[in-house]
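Undergrad: Have a look at this prediction, sequence included:
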Amino acid sequence: MRKNTQWQRLAGVLEIPQDIVLDLPRITMLGNQQLLVENHKGIIEYTPSLVRIKLNQGELLVAGKNLMLGNLQIEQILVEGTVGEIKYDI
Amino acid sequence: MISNILNYISGTVTIKVSGAMPEKFINLCMLEKINLLSITKKNDDFIVCMRLYDFFSLRPLVRKSRNRIQVVDYAGLPFLTKRIKRRKMLVVGGVIFLTLLNILMSYIWFVDIVGMNYITASQIKDVVYEQGLKPGVLKDTVSTKMIENQILLRIPEVAWVSVNFTGTRAVVEIVEKTMSKEPDKAPAHIIAAKDGIITNIIALAGQSTVKKGDTVKKGEILIKGVAYDGKEDVNNITPQLIRANGIVKARVWYEGYSETELVKTIHERTGRQETSVTLKVLQNEILLKKVALDPERQFEVEVFNKKLSWWRNSDIAVESIISIYHEVNSKTITLSIEDAREYGKAKALAEVQSLIPETAHILSRNIEVLQIPENNLARVKVNVETVEDIGLFMNIP
């Protein structure tokens, strides 16, 4: 954990994007219709009302309606549908 | 957009994944760098879409994740080519169709000649046909330049000509020379075109037979077409005939009359209509579509005859007759006496106006409403007085 904060500080000084340095997921939302998760570790569960995505640490819960997974790749997941809530579970 | 095109080219397969943990299968796919295009859930099964080449490397993953897969749908270019390979004759037919179309397009099937006024079409057709431009000729063998030149040479009345092809149709467009009209030099009198009182007469050539203030009847000679040589005694020599010329102005009266009914019945279409179709083969008529008309209603009938083009049907053997029955409502309209008079005035004036030439100068206009008591009628009389040229050439036979 201490190591992480050191890296974070270094990244802050050098103005390097932190998601690269710290291996964090980058989550982009387009309204409530699309949710793009980059740098994930796979999906744990998928139903039309809930998507659980495994991350480097913990998991991301996406709840909503008529959820669909589009464009699944090793580095990104696109969740389409009506996103109701997002919860970060560590 | 681009990814959609790539998907189409490589082909996509939609599969159904069923089993205890379909998520595991999906994670395995991701680890194998298999690009999954979309995932939806139907009941307990996953419906997964992927590219065709990824589909072939799926078998070990399925076994590892202990799921079962089933192909639901497939689309894209590879499947299309496969289907086409199976139906070769379809392609052959298509190719034959295109080549046939191309061959038929390279011939001329129609020759149209447009733009004539007094030259007859057959005159030009003869030249054109003689130069090798006729239906059924290959387009490439026809030299439009040469035909244009030939037409110009052979028919002097043509000022400009263009021959061009629009599809299988050759259009010969012609502009004729406008020949200036020869002025008529035959000896002539000037006669009165209308009844009137002469207000002004100037004889430029010939001798005037009437003078200002004379009343003339239609057809009366106003200026005689004989040369006047100044001598009084012209009786014993035969007068030389010339073409009379001059200006004859006269006062002319026009009268217009109209009657307008106060109560009028008009028929108005209600918009409802029925159509009956009759097929006429030779002399027999076959009713294809009957109409059931309400006998209490009034109808107007419009009849169309449809024939095939002459080249399909040389002796009009088949013809269809379409009758459209428009339902009409009769309506009575009652005009007030003032309205009727106004309407009558307009009608009578319009009637008179059509008789008066444009060059006439209108002196007075008198509108008179006849006051004879009459039920249901408004009667209007219009008198117009004009001054106009009433001279008219009449050749001396």
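TA: Looks like it arrived, so ask away.

Undergrad: could you point out which element follows the longest helix seen in chain A?
TA: Ranked by residue count under DSSP state H, the longest helix found in chain A is helix A:2-14. The helix or strand immediately downstream of helix A:2-14 is helix A:18-22, counting by DSSP states H and E.

Undergrad: I'd like to know which elements that following helix is packed against.
TA: Applying 3 or more Cβ pairs under 8 Å, 6 or more residues apart in numbering or on different chains; DSSP states H and E, we find helix A:18-22 packed against helix A:2-14. (Each C-beta comes from the backbone N, C-alpha and C, glycine too.)

Undergrad: ok so B:Val380 is a helix residue?
TA: No - looking at B:Val380 with DSSP: H, G, I helix; E, B strand; the rest coil, it is strand, so not inside a helix.

Undergrad: quick one: it and B:Ile324, what's the gap?
TA: Separation of B:Val380 from B:Ile324 (Cβ to Cβ, to the nearest Å) stands at 38 Å.

Undergrad: Of the two, which one has the most company?
TA: The neighbour comparison of B:Val380 against B:Ile324 (other Cβ atoms under 10 Å in any protein chain shown) goes to B:Val380, with 23 against 15.

Undergrad: On the three-state scheme, B:Val352 is what?
TA: Secondary structure for B:Val352, judged by three-state DSSP, is helix.

Undergrad: Which pLDDT does the model give it?
TA: pLDDT for B:Val352: 84.

Undergrad: What number of residues are in the vicinity of it?
TA: Count around B:Val352 with other Cβ under 10 Å applied: 19.

Undergrad: so A:Asn66 is in which element?
TA: Element membership for A:Asn66, per DSSP H and E: strand A:59-72.

Undergrad: try B:Glu23
TA: Assigned by DSSP H and E, B:Glu23 falls within helix B:22-31.

Undergrad: Centroid-wise, who is the farthest residue in chain A?
TA: Most distant residue from the mean C-alpha position of chain A: A:Val13, 24.9 Å away (Cα atoms, centre = their mean).

Undergrad: Settle this for me: B:His189 is touching B:Lys224, isn't it.
TA: Yes - with contact defined as Cβ atoms under 8 Å, B:His189 counts as touching B:Lys224 (5.8 Å).

Undergrad: Now list whatever residues contact both of these two.
TA: The contact sets of B:His189 and B:Lys224 overlap at B:Gly206, B:Ala244 (Cβ atoms under 8 Å, 6 or more residues apart in numbering or on different chains).

Undergrad: quick one: which of those two has more around it?
TA: B:His189 (23 against 20).

Undergrad: gap between the residue in the stretch 101-250 of chain B that chain A sits nearest to and B:Tyr107?
TA: Nearest residue of the stretch 101-250 of chain B to chain A: B:Leu101, at 43.6 Å (Cβ to the nearest Cβ). The spacing between B:Leu101 and B:Tyr107, counted by Cβ to Cβ, is 12 Å.

Undergrad: So between those two, which is more surrounded?
TA: Neighbour count, other Cβ under 10 Å: between B:Leu101 and B:Tyr107, B:Tyr107 has more, with 13 against 10.

Undergrad: how close does B:Gln283 get to chain A?
TA: 69 Å (Cβ to the nearest Cβ, to the nearest Å).

Undergrad: try B:Ser320
TA: Look at B:Ser320 and chain A: by Cβ to the nearest Cβ, they are 55 Å apart.
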